[in-house]
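Asker: make a model of this:
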Amino acid sequence: MMNNYEKYYNDKEIINEPKPLREVHAIRLMIYDETKDMTLEERAKYYNDTGKHLADKYGFKRVARVN
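Answerer: Now for the predicted structure:
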C-alpha cells in the first residue's frame, strides 16, 4: 500500500524530475492539498504549528519576530 508521500512522489507530472527536485515538488503538492480549503487564519495556524513542531523535533531555538 502506498503512503501519502509516495502518492505525490509518483505523480505523473513530476515523475521525470531529478530526485531532489521531485522530492520538493511532492512535498509542495502535499502541503497544497492539506491547506487549499483553509481560511487565512487556519493556514497561518497550520504553518505556525508545523514550524513549532519541527523546531522542537530538531532542537532549533524559536525566537519572536521583531519588527
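Asker: mind listing what's buried along the helix or strand of the chain with the lowest mean pLDDT?
Answerer: Sorting the helices and strands of the chain by mean pLDDT, DSSP states H and E puts helix 4-9 at the bottom, at a mean of 90. Going by neighbour count (16 or more other CB atoms under 10 Å), the buried part of helix 4-9 is 8-9. Every residue, glycine included, has its C-beta placed from N, CA and C.
Asker: need the residues that contact that helix.
Answerer: Here helix 4-9 makes contact (CB atoms under 8 Å, 6 or more residues apart in numbering) with 22-23, 25-27, 29-30.
Asker: repeat that for 7 Å
Answerer: 22, 26, 29-30 (CB atoms under 7 Å, 6 or more residues apart in numbering).
Asker: same thing with stretch 26-41?
Answerer: 4-5, 8-9, 11, 14, 43, 46.
Asker: swap in 6 Å and give it another go.
Answerer: Residues from elsewhere that reach stretch 26-41, judged by CB atoms under 6 Å, 6 or more residues apart in numbering: 8-9, 43, 46.
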